[in-house]
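**Q** Sequence and predicted structure are below.
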Amino acid sequence: MNSITRAKLSFMMFLEFFIWGAWFVTLGTFLSKNLGTTGFQTSLAFLTQSIGAIIAPFIIGLIADKFFSAQKILGVLHLIGGALLWLASSSISFDRLFPIIVVYMILYMPTLALVNSISFRQMKDPSKEFSTIRVLGTIGWIIAGLVIGWLGWEQNNQLALTFKMAAGGSFLLGIFSFTLPATPPLKKDEKTSVSEILGLDALRLLANKSYLLFFISSIAICIPLQFYYTFANQFFNEAGMKAAAGVQSLGQVSETLFMLLIPVFFIRLGVKKMLAIGMIAWALRYALFAYGDAGANYWMLIIGIALHGICYDFFFVTGQIYTDNLAGEKFKSAAQGLVTLGTYGVGMLIGAFVSGPIVDAYAIGTEAHDWKSIWLIPAGIALLVTVLFFLLFKDKNSATKPLSEE
């Protein structure tokens with residue numbers, strides 16, 4: 001990969017996750033403080049990413065693998081997304097905001113698979129090259145959180161501005177996408193079945209028992225993960241943490257460090273150990289949140305946040321590489337869409353319906369919660385998933401041929 005291509009892919013990743021981090025981290029706080037939502041309504045707002053993730057494989061399979069170049073689709077989706085984010089910034093009620101972010105997430109979630117697909121197509125060895133590109137996405141998320149904390153938007157009740165900041169990033173990436181390396185559909189001139197057009201051929205991956213267990217575990221671990229994405233920022237603000245969004249960016253700093261070390265860990269630990277370590281880290285961080293506070297046990301909150309690098313990289317990035325290696329050339333886009341479907345789709349969809357009612361059940365008045373009891377629930381779920389995964393998963397990916405070679 002030449003330096004210009006590497007720079008373009010890196011900037012693409014930076015903007016992709018800057019956009020998401022710019023409004024998504026503080027969404028729960030915005031909803032509860034500005035729009036007065038319940039825990040269940042907040043979880044419904046975060047459920048929109050699941051709706052988008054479930055639809056994503058069909059968009060990728062229908063368009064990116066068959067008809068249009070991935071970089072052009074990416075550009076169009078982000079230009080439309082930018083307009084929707086700007087519109088969302090002026091919402092004054094949950095009923096007005098909800099349909100906007102539903103449509104936005106249907107457009108945004110497919111772009112997560114598209115940026116991976118565009119990147120993988122330029123690489124000879126993704127297990128060694130991908131992490132150095134993907135790390136710029138993490139840096140983008142960090143910058144977004146630091147800007148929010150530095151400008152004091154949480155303390156000054158100005159979180160509506162996060163949508164405008166994200167909109168600006170989306171417009172920029174939409175335009176920039178048309179300069180990215182050409183990534184034409186691999187199956188453009190082939191006769192394809194309906195299942196291929198819809199990206200359903202990637203389901204053949206599930207015939208591999210190891211991958212099937214990984215896929216099921218991905219869904220299960222995203223149930224407790226949804227507690228973090230939906231309620232962590234609200235929890236930190238209720239606990240009295242200053243500039244919570246900025247402090248939360250420490251998690252992405254950790255993610256950056258471990259992202260760079262993934263090639264080393266991938267070789268030395270293998271898929272099974274990396275995935276298991278990633279899952280056990282989720283259980284540990286929730287336990288730390290349960291017993292941490294903004295006083296003497298503030299260090300527990302900081303360590304819990306810093307564990308994000310292991311939580312995310314060891315499970316999700318490793319899973320993306322594992323999927324890419326197994327899928328082969330012809331099904332890369334659809335296979336990444338399948339991962340998005342299982343994690344951000346089905347798993348977080350279930351997590352949204354589980355987390356919201358639990359948070360409401362432990363509400364104390366209108367502005368406080370019994371967070372210790374709340375966090376111990378996802379900690380227990382994550383621990384159970386880890387134990388079952390470690391006992392049942394067999395790491396056979398090195399001996400498995402890609403789908404395109406079968």
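**A** Yes, it's here. Numbers count the residues shown, from 1 in each chain.
**Q** Low-confidence stretches in the stretch 151-300 of the chain?
**A** 186-201 (pLDDT under 70).
**Q** can you map out the helices along it?
**A** Using DSSP state H, counting those that start in this stretch, the helices of the stretch 151-300 of the chain run over 161-176, 194-197, 209-238, 244-291, 298-306.
**Q** Need the winner for burial among those helices.
**A** Per-stretch averages of neighbours, counted by mean count of other Cβ atoms under 10 Å, single out helix 209-238 among the helices of the stretch 151-300 of the chain, with a mean of 23. All C-beta spots, glycine's among them, are computed from the backbone N, C-alpha and C.
**Q** and the angle for it with helix 298-306?
**A** 140 degrees (axes from the mean of the first three to the mean of the last three Cα atoms, to 10 degrees).
**Q** quick one, phi/psi of the nearest residue to Ile219 once chain neighbours are set aside?
**A** Nearest residue to Ile219 in three dimensions, chain neighbours excluded: Gly347, at 4.1 Å (Cβ to Cβ, 6 or more residues apart in numbering). Phi and psi for Gly347, reported as degrees, to the nearest 10, are phi -60, psi -50.
**Q** tally of neighbours for Arg204?
**A** 18 (other Cβ atoms under 10 Å).
**Q** Tyr228 versus that one, what's the distance?
**A** Separation of Arg204 from Tyr228 (Cβ to Cβ, to the nearest Å) stands at 32 Å.
**Q** ok, the residue nearest in space to the middle of the chain to Pro263 distance?
**A** With distances taken as Cα atoms, centre = their mean, Tyr344 lies nearest the centre of the chain, 6.6 Å away. Distance, Tyr344 to Pro263, by Cβ to Cβ: 25 Å.
**Q** Likewise for Cys311?
**A** 19 Å.
**Q** where do the helices sit along the stretch 301-406 of the chain?
**A** Counting by DSSP H, counting those that start in this stretch, the stretch 301-406 of the chain has helices at residues 308-312, 318-327, 332-340, 348-361, 371-392.
**Q** looking at those, which has the lowest confidence?
**A** Looking at the helices of the stretch 301-406 of the chain, the lowest mean pLDDT belongs to helix 332-340 (a mean of 72).
**Q** you'd agree Asn208 is up against Leu326?
**A** Yes: counting by Cβ atoms under 8 Å, Asn208 does reach Leu326; the two are 6.7 Å apart.
**Q** Count the neighbours of Ser3 for me.
**A** Residues near Ser3, counting by other Cβ under 10 Å: 7.
**Q** Starting from Phe18, give me the distance back to Ile106.
**A** From Ile106 over to Phe18 (counting by Cβ to Cβ), the distance is 20 Å.
**Q** Those two - which one has more neighbours?
**A** Set Ile106 next to Phe18 and count neighbours by other Cβ under 10 Å: Phe18 wins out with 26 against 21.
**Q** mind listing what the more buried one touches?
**A** Residues in contact with Phe18 (Cβ atoms under 8 Å, 6 or more residues apart in numbering) are 140-141, 143-144, 166, 169.
**Q** swap the cut-off to 6 Å and go again
**A** Listed by Cβ atoms under 6 Å, 6 or more residues apart in numbering, the contact partners of Phe18 are 140, 144, 169.
**Q** pLDDT value on the first one, please?
**A** If you check Gly140, the pLDDT there is 92.
**Q** what separates it from Ser10, distance-wise?
**A** Taken as Cβ to Cβ, the span from Gly140 to Ser10 is 10 Å.
**Q** Tell me which of these two has more neighbours.
**A** Per other Cβ under 10 Å, whichever of Gly140 and Ser10 has more neighbours is Gly140, with 24 against 19.
**Q** Next, the contact list for the more buried one, please.
**A** So Gly140 contacts 14, 17-18 (Cβ under 6 Å, 6+ apart).
**Q** Excluding residues flanking it in the chain, which one is nearest it?
**A** Distances taken as Cβ to Cβ, 6+ apart place Phe18 nearest to Gly140, at 3.4 Å, with adjacent residues excluded.
**Q** From Glu129, how far out is Pro327?
**A** Careful, residue 327 is Ala; it's not Pro. 17 Å.
**Q** distance of Gly145 from Trp371?
**A** Taken as Cβ to Cβ, the span from Gly145 to Trp371 is 21 Å.
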